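Peer 1: what would the 3D arrangement of this be:
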Amino acid sequence: MRMALGVSYLGQRYQGWQSQPSGQTVQDCLEAALAQFATHPVSTLCAGRTDAGVHGLMQVVHFDTELQRSPFSWVRGTNAFLPPDIAVHWARPVPEAFHARACATARRYAYVLLQSPVRPSVEAGRVGWVFRPLDGDAMRQAAAHLLGEHDFTSFRASACQALSPVKTLHRIDITRKGPAQPEPGEDWSPCYWRFEFEGNAFLHHMIRNIMGCLVAIGQGAKPVSWMAEVLAARSRDAAAPTFSPDGLYFLGPLYDAAWGLPSRTAAYDALP
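Peer 2: Below you'll find the predicted structure:
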């Protein structure tokens, strides 16, 4: 029997999603918990790997098992063996033809950025941070250059294993949440920026490298037209430094409705 799970996690203390000899990855923890519940080794395949420090709000995995249990038993049973910062939200039996990665039609990410003169404290590791005000209109104009199918070599990590740098970005939404006017005695007020990305697939560090460029433009260090120049250069040296992983969240994959899988978890709605 093939099962699919929807999983959320905080990535702060993990070395990314993919299993490593250290055992300090989300996949290692999930597979260990599944093995304890199922009483046999379990190997999972995910919809999209995340880097060290990156969070997941709806990672989807599938695995094969001989154990016959109700979907909710898989949720409760697996969660009983998981650490507090990883949770299974749903479980569904799926056909043998389902593949968490290959069947995804698109993937979604969000980057949450705190704009504040003071660094984050209780939110440390969960949001990115800038201490200079950002120009939302400039960032939206720059982001528009990236929409559609392009060669994203300029935003690709040197260790990227993707066969092709050509990807398609369907949308980039940039919204601001917070006071419109400065508080008395302040030059400007703290606020949150949320950047949402949807595309058919993403390269290693692609979003974090795009974020570095968007922030440079938003702070006025680079003009809006610079984004098009970076894209056209097809060289990692042309882009900004890789931005922090702290505020990056994998929102999850999108699947054809025929698979009958949820499109989000409860953790999705808790994101700023």
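Peer 1: contacts, neighbours, all on C-alpha from now
Peer 2: OK.
Peer 1: Gln27 and Gln15 touch, don't they?
Peer 2: No - Gln27 sits out of contact with Gln15 when judged by C-alpha atoms under 8 Å, with a separation of 9.9 Å.
Peer 1: looking at the two, which is more packed in?
Peer 2: Neighbour count, other C-alpha atoms under 10 Å: between Gln27 and Gln15, Gln27 has more, with 23 against 20.
Peer 1: what sits against that one?
Peer 2: The contact partners of Gln27, by C-alpha atoms under 8 Å, 6 or more residues apart in numbering, come to Trp17, Gln18, Ser19, Thr44.
Peer 1: let me see the contact set for the second one.
Peer 2: Yep, that's Gln18 we're talking about. Here Gln18 is in contact with Thr25, Val26, Gln27, Asp28, Arg49, Thr50 (C-alpha under 8 Å, 6+ apart).
Peer 1: can you give me the helices in the stretch 1-150 of the chain?
Peer 2: 26-38, 71-79, 136-144 (DSSP state H, counting those that start in this stretch).
Peer 1: could you give the angle of the longest one to helix 71-79?
Peer 2: Here helix 26-38 runs at an angle of 120 degrees relative to helix 71-79 (axes from the mean of the first three to the mean of the last three C-alpha atoms, to 10 degrees).
Peer 1: export helix 26-38 to CSV, keeping only CA atoms.
Peer 2: Provided in CSV are the C-alpha atoms of helix 26-38 (Å, rounded to 0.1, in the frame of the first residue of the first chain):
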residue,chain,number,x,y,z
VAL,A,26,14.0,16.2,8.9
GLN,A,27,13.8,13.1,6.7
ASP,A,28,15.9,11.1,9.2
CYS,A,29,13.5,12.1,12.0
LEU,A,30,10.4,11.3,10.0
GLU,A,31,11.6,8.0,8.8
ALA,A,32,12.7,7.0,12.3
ALA,A,33,9.2,7.8,13.6
LEU,A,34,7.5,6.0,10.8
ALA,A,35,9.6,2.9,11.4
GLN,A,36,8.8,2.9,15.1
PHE,A,37,5.1,3.1,14.4
ALA,A,38,5.1,0.7,11.5
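Peer 1: reformat the helices of the stretch 1-150 of the chain as CSV; add mean pLDDT.
Peer 2: Compiled in CSV, these are given as follows (pLDDT from 0 to 100):
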stretch, mean pLDDT
helix 26-38, 97
helix 71-79, 96
helix 136-144, 97
